[in-house]
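Asker: give the three-dimensional model of this entry:
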Amino acid sequence: MLSEHEAEAVLTLALMAAMADGRSASDEREQIKSLLESLAEEHELPSLGALQQRVLLKKATLDGVTSALGSADARR
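Answerer: Next up, the predicted model:
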């Protein structure tokens, strides 16, 4: 089971990966939205827009986000 902090990190990593190529694909957006909805069932998470803003403004770094993945479940 993921902690709230780990769930947010997983979603942030998914956003970072989706934005890495500089393109905006509708299938990627739908998968991220589905991931957010799934994680939000168990955790209180920031909105997708807020997470996207953190990624776009480079307030979320790869090192910072991956350091939040403390459990084995989160790293899978």
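
Asker: return the residues in contact with T12.
Answerer: L51, R54, V55, A60, V65 (C-beta atoms under 8 Å, 6 or more residues apart in numbering). Just so you know, the C-beta spots here come from the backbone N, C-alpha and C atoms, and that holds for glycine as well.

Asker: one more time with 6 Å
Answerer: When contacts are counted by C-beta atoms under 6 Å, 6 or more residues apart in numbering, T12 touches L51, A60, V65.

Asker: including secondary structure and pLDDT, could those residues go into CSV?
Answerer: Shown next, in CSV, are these (DSSP: H, G, I helix; E, B strand; the rest coil; pLDDT from 0 to 100):
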residue, secondary structure, pLDDT
L51, helix, 93
A60, coil, 95
V65, helix, 95
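
Asker: generate a PyMOL selection restricted to the buried subset of these.
Answerer: Burial among the contacts of T12 is assessed by 16 or more other C-beta atoms under 10 Å; the matching PyMOL selection reads:
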select buried, resi 51+60+65
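
Asker: among the contacts of T12, which one lies nearest to S3?
Answerer: When the contacts of T12 are ranked by distance to S3 (C-beta to C-beta), V65 comes first, at 13.8 Å.

Asker: what distance do you get for the most centrally placed residue in the chain to M1?
Answerer: Computing the C-alpha centroid of the chain and ranking residues by C-alpha atoms, centre = their mean puts L11 first, at 1.5 Å. According to C-beta to C-beta, to the nearest Å, L11 stands 16 Å off from M1.

Asker: for S34, same thing?
Answerer: The gap separating S34 from M1 is 19 Å, by C-beta to C-beta.
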